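Visitor: model this:
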Amino acid sequence: MKNYINFRKNSINFLKNLFSSAYPNYIGEEVTKNCEKSQYFLEKSKENLKLALDFIVDDSKIIIKKYFDNLPNILSLIKLDVTAGYVGDPAATSEEEIILCYPAFIAIGTYRFAHPLYEMGVKILPRLMAEYAHGKTGIDIHPGAKIGKSFFIDHGTGVVIGETTVIGDNVKIYQNVTLGAKSFSKNEDGSLVKGMKRHPNVGNNVVIYAGATILGGDTFIGDNVVIGGNSWITKSVY
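Guide: Numbers count the residues shown, from 1 in each chain. Below is the predicted model of the structure:
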């Protein structure tokens, strides 16, 4: 049986060092070595990713190159999420406050870092990253979900976003929102059917207020829709 302890450690350190490389003046320990702080954490994150991937795949080089070539795009998406948080919350006094104080910054940022790996067929590593953020923030975003630009979760505790959820641009979600599955289809032998579209689609410019539950892979929330608090939705809304 494989020993996953070091794999788990490298997976989480990969995430931590990515955040530290992107936001070196906000996150991560002080660096005493004679080098640029952001680059220092970036190199550490590459080392962590290689160690984690080498444990689960035969050739990590292609994945690592593709991932870090795409990193500027990932960081630009996180920046848009931070701006959306500041613009969308009258209580926020600055984007620095979003980075320092808001759990959504960690949860959504982790999703942004994890999702490209999931898309490349690496499953367990981004799941570990997501569960680490879930434990820290109370926000559960599956790395398989597809989330557009300028996404913001206000307050955040209790939010669940399932694997096959699709979310458009400029969407704002409040605490205790669930984007989940209606039920689970079964095979003839009673086992669950895997790989089905189980979670809802949410359009652009949507607001979903606290406590709303939206279920089902055939449930669509149209553009510019506002979902009221404590709603239970299993049919499409346009």
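
Visitor: quick check, residue 75 in a helix?
Guide: Yes - Residue 75 forms part of a helix when assessed by DSSP: H, G, I helix; E, B strand; the rest coil.

Visitor: Without its sequence neighbours, what residue ends up closest to it?
Guide: residue 22 (5.5 Å; CB to CB, 6 or more residues apart in numbering). Every C-beta, even on glycine, is put in place using the N, C-alpha and C of the backbone.

Visitor: can you pull out the strands in the chain?
Guide: Taking DSSP state E as the test, the strands found in the chain are 140-141, 146-147, 152-153, 160-161, 166-167, 172-173, 178-180, 201-202, 207-208, 213-215, 220-221, 226-227, 232-233.

Visitor: The fifth one pairs with which strands, parallel or anti?
Guide: Under the criterion DSSP bridges, strand 166-167 sits next to strand 146-147 (parallel), strand 201-202 (parallel) in its sheet.

Visitor: distance between it and the chain's centre?
Guide: With CA atoms, centre = their mean, to the nearest Å as the basis, strand 166-167 stands 12 Å off its chain's centre.

Visitor: Would you mind listing the outside residues contacting that strand?
Guide: Strand 166-167 has contacts (CB atoms under 8 Å, 6 or more residues apart in numbering) with 145, 146, 147, 148, 151, 161, 179, 199, 200, 201, 202.

Visitor: Give me the mean pLDDT for that strand.
Guide: Here strand 166-167 scores 98 as its mean pLDDT.

Visitor: ok, now the second one?
Guide: Strand 146-147 shows an average pLDDT of 98 in the prediction.

Visitor: How far off centre is that strand?
Guide: That offset, for strand 146-147, works out to 9 Å (CA atoms, centre = their mean).

Visitor: Work out which residue lies at the spatial centre of this structure.
Guide: residue 111 (1.7 Å; CA atoms, centre = their mean).

Visitor: check contacts around it.
Guide: Going by CB under 8 Å, 6+ apart, residue 111 touches 130, 133, 141, 143, 145, 147.

Visitor: Name the spans of this protein whose pLDDT lies under the cut-off.
Guide: By pLDDT under 70, the weakly predicted segments of the chain are 30-35.

Visitor: May I see the buried residues of the longest helix seen in the chain?
Guide: In terms of residue count, the longest helix belonging to the chain (DSSP state H) is helix 37-56. Neighbour counts over helix 37-56 (16 or more other CB atoms under 10 Å) mark 37-38, 40-42, 44-46, 48-53, 55 as buried.

Visitor: Then stretch 148-156?
Guide: So for stretch 148-156, counting by 16+ other CB under 10 Å, buried means 148, 150, 151, 152, 153, 154, 155, 156.
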